[in-house]
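> how would this look folded up:
(one chain, ligands or ions: 1)
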Amino acid sequence: MVLLVVEDEQGLGKSLTQGLTEAGHDCTWVRSGAEGLRLASSRPFDVVLLDLMLPDLSGLDVVRGLRSAGSRTAVIMLTALGAVEDRVAGLEAGADDYMVKPFAFAELLARLTAVGRRALKRPSSEVTVGPLRLDLTNRRVTREDRDIDLTPTEFSLLEFLMRYAGQVVTRKMLCEHLWDADWEGVTNVIEVHINRLRSKVDKGFAEPLIQTVRGRGYALRTG
Ligand code: CA
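Below you'll find the predicted structure:
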């Protein structure tokens, strides 16, 4: 999973990042609430591990900020405060789970898996990037309120590009996402799908949104 750790305590942040990376997760660590909120709002993470007591924004402020901006990223609060009212406050603010320090690393891994699985099942509504809107419930795509008719593969491709908007998405990432495989022969197929998607999404508009990054892959322009 792609994880964000927001923890100001040097020792814990370091050991968490190390342990989670060794467990096969892609882990980013920041030390302040503001930085955590900024990153979690701008990049797709599967789960955010959020310390409650931070030097600037508190963990509660961060999770409230995320939820009020419409983010559905799963959040596990980490804190030394274990009183019932503290747990309730965290969950009410929008956290998915709560771990009281000190905790066993194995338990954190188990909770992460559970929360990550629930997050996948959560009914998601829509993704918006600039003029593009993707309605996941009704499988509908619009650009500036104009309907775009996509095949399931094109829809899935666009959703992936939108989730990583502004970042380079490689052909390999797209292969793995679409077919659960890293198969050499598929990369040409990706190109065909991208070209078809591009003709539907960008046709008739002055600003092309789907860009080819030579030698690397594709990127969806954010603005
Ligand atoms: Ca702290």
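
> which residues does the most centrally placed residue in the chain contact?
If you average the C-alpha coordinates of the chain and look for the closest C-alpha using Cα atoms, centre = their mean, you land on P44, 1.8 Å from that point. P44 makes contact with 2, 73, 163-164 under the criterion Cβ atoms under 8 Å, 6 or more residues apart in numbering. (C-beta placed from N, C-alpha, C; glycine too.)

> show me what the least confident helix or strand in the chain by mean pLDDT is packed up against.
Of all regular secondary-structure elements in the chain, judged by mean pLDDT, DSSP states H and E, the least confident is helix 171-179 with a mean of 80. The criterion is 3 or more Cβ pairs under 8 Å, 6 or more residues apart in numbering; DSSP states H and E, and the helices and strands that helix 171-179 contacts are helix 152-163, helix 186-201, strand 217-220.

> out of those, which is the most enclosed?
Among those, strand 217-220 has the highest mean neighbour count (mean count of other Cβ atoms under 10 Å), at a mean of 21.

> paired strands for that strand, with orientation please.
Based on DSSP bridges, the strands next to strand 217-220 in the sheet, each with its direction, are strand 169-170 (antiparallel), strand 210-213 (antiparallel).

> near the ion, which residues of this structure? Just list them.
Residues of the chain found near the ion (Cβ under 5 Å from the ion) are 8, 51, 53.

> ok, the second one touching V6?
Put plainly, it is D51. Yes. In this structure D51 lies within contact range of V6 using Cβ atoms under 8 Å: 5.8 Å.

> could you pull out the strands in this structure for me?
Residue ranges of the strands in the chain, as given by DSSP state E, are 2-6, 26-30, 47-51, 74-79, 97-100, 126-129, 132-135, 140-143, 146-148, 169-170, 210-213, 217-220.

> save those strands as CSV, and put in distance to G36 too.
Supplementary listing: the strands of the chain in CSV, determined by distance: least, Cβ to Cβ, whole Å:
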stretch, distance to G36
strand 2-6, 3
strand 26-30, 5
strand 47-51, 7
strand 74-79, 10
strand 97-100, 16
strand 126-129, 21
strand 132-135, 26
strand 140-143, 31
strand 146-148, 34
strand 169-170, 24
strand 210-213, 28
strand 217-220, 24
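
> just say which of these is most tucked in.
The highest average neighbour count among the strands of the chain, using mean count of other Cβ under 10 Å, belongs to strand 47-51 at a mean of 26.

> what does that one contact?
Under the criterion Cβ under 8 Å, 6+ apart, residues 1, 3-9, 16, 36, 40, 59, 62-63, 66, 73-79, 95, 108, 112, 115-116, 119 lie in contact with strand 47-51.

> re the thing from before, of the helices and strands packed on helix 171-179, which is nearest V30?
Between V30 and these, the tightest spacing by Cβ to Cβ is seen for helix 152-163, at 20.1 Å.
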